[in-house]
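# this is a predicted model, with the sequence first.
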Amino acid sequence: MQVGEFLNQDLPSAQDRAQALSMLAARAQVALNADAVMVAMFDRSAQIWRGYCPGHPVELVHAQISHFVSTTFLEEVRQTNAPLFRPLQLGRMDSSKSWPILGVRFAVGAPLRDLTAPAAPQSFAGVLYLDRRGDHGAFSALEEGMVSELALAASLALAYVDHYLGELGSLEQMDAAKNVRVRDVLKSTQGNINQAFKRLSLEFDSRDKLKHFIQNTGLGAYVARARASYTVEGIRSLILDTKDLRKVGNALGNRRYSTINRFLRHQNPSTTLRNLVNSLGLTWEAVQGKAFQDLDPKSASVDRL
């Protein structure tokens with residue numbers, strides 16, 4: 001499911017949130033062969049489910065949902081509290097009254113996340129639900145992976161839906177959030193646009209569109225600085241500026257000791273992070289070398305000379 005297609009083609013024509021989420025569910029159904037699909041949002045304040053199905057542009061609440069999907073399964077996914085967007089698939093759910101009535105044989109659901117939530121426990125927003133009925137078989141491991149990707153795409157789309165419809169903020173705020181997201185990815189990839197595009201492919205349909213966004217938002221200079229940071233000279237400058245290798249690792253996109261050490265030795269086999277620190281007239285202890293090294297479980301297998 002391309003988030004860009006949903007944002008550009010579906011969302012502008014949506015009359016309200018229910019219709020927008022119905023369109024989002026339809027996109028998911030096209031992306032994966034399923035008999036029933038629902039974007040089910042959990043209302044924390046009311047402690048109820050609100051559901052949205054393809055071709056049904058009205059909100060379903062509580063008991064209405066069971067006419068389309070199993071609320072028991074939705075609760076199963078919610079209580080499992082799976083990390084990130086990991087899906088849960090079940091076949092034959094005896095505790096659900098809806099399954100035999102609806103003819104459900106297999107169901108898979110992945111958590112939807114509130115990408116604006118300040119903390120992980122509060123990030124659960126709902127479930128992307130899909131099922132198969134009749135003589136259709138279970139979802140394969142490959143399809144479960146696709147469900148996980150769809151849940152990520154749907155979570156991103158949900159944030160745009162709420163911004164677009166004015167529930168969380170203005171379009172200007174949405175653009176500002178996108179700018180921050182792109183900047184953070186560019187920082188973590190040291191300005192490598194190809195690597196950044198792999199992580200931003202849900203937001204941008206092509207590398208050219210990402211490059212165009214970077215140029216139009218003034219991030220070109222930021223890319224240049226990010227590229228310059230991951231060089232021997234860039235690492236040397238960061239050490240001198242911060243006097244703390246933990247801060248150096250964070251500035252280089254949360255890189256570990258072993259990663260930086262390997263990079264330096266690739267540039268020059270006789271150069272290690274410790275040697276680089278010593279060449280600057282600093283001691284390993286003064287720049288928190290041991291503390292930084294201990295944070296990396298791979299450090300034991302790296303040459304510490």
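Perfect, thanks for sending it.

# test my guess that H62 contacts W49.
Yes - here H62 reaches W49: they are 6.6 Å apart, a contact under C-beta atoms under 8 Å. The way it works is simple: take the backbone N, C-alpha and C, and place the C-beta from them, glycine included.

# in the sheet, who's paired with C53?
Here C53 shows beta-bridge partners H56, assigned using DSSP bridges.

# more neighbours, H62 and W49?
W49 (24 against 13; other C-beta atoms under 10 Å).

# just to be sure, the more buried one is in a strand?
Yes - per DSSP: H, G, I helix; E, B strand; the rest coil, W49 lies within a strand segment.

# quick check: bridge partners of it?
F42.

# how far off centre is the biggest helix by length in the chain?
If you go by DSSP state H, the chain has its longest helix at helix 141-164. Relative to its chain's centre, helix 141-164 lies at 9 Å (C-alpha atoms, centre = their mean, to the nearest Å).

# could you export that helix as CSV, CA atoms only?
The C-alpha coordinates for helix 141-164 follow below in CSV (Å, rounded to 0.1, in the frame of the first residue of the first chain):
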residue,chain,number,x,y,z
ALA,A,141,4.9,-16.1,6.6
LEU,A,142,5.5,-13.7,3.7
GLU,A,143,1.9,-12.4,4.0
GLU,A,144,2.3,-11.8,7.7
GLY,A,145,5.4,-9.7,6.9
MET,A,146,3.2,-7.7,4.5
VAL,A,147,0.6,-7.2,7.2
SER,A,148,3.4,-5.7,9.4
GLU,A,149,4.4,-3.4,6.6
LEU,A,150,0.7,-2.5,6.0
ALA,A,151,0.3,-1.6,9.7
LEU,A,152,3.3,0.7,9.6
ALA,A,153,1.9,2.4,6.5
ALA,A,154,-1.6,2.6,8.0
SER,A,155,-0.2,4.2,11.2
LEU,A,156,1.6,6.8,9.2
ALA,A,157,-1.5,7.4,7.1
LEU,A,158,-3.6,7.8,10.3
ALA,A,159,-1.4,10.6,11.5
TYR,A,160,-1.9,12.4,8.2
VAL,A,161,-5.7,11.8,8.4
ASP,A,162,-6.0,13.4,11.7
HIS,A,163,-3.8,16.4,10.7
TYR,A,164,-5.7,16.8,7.4
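
# where does the prediction get shaky in the protein?
Along the chain, segments meeting pLDDT under 70 span 1-4, 7, 82-83, 117-122, 162-177, 202-203, 299-305.

# rewinding a little: from the contact counts, what lies against the longest helix of the chain?
Where contact means 3 or more C-beta pairs under 8 Å, 6 or more residues apart in numbering; DSSP states H and E, helix 141-164 is packed against helix 3-5, helix 17-31, strand 104-113, strand 124-133, helix 171-188.

# what's the third one packed up against?
Packed against strand 104-113 by the contact rule (3+ C-beta pairs under 8 Å, 6+ apart) you find strand 36-43, helix 71-80, strand 88-91, strand 124-133, helix 141-164.

# good, wrapping up.
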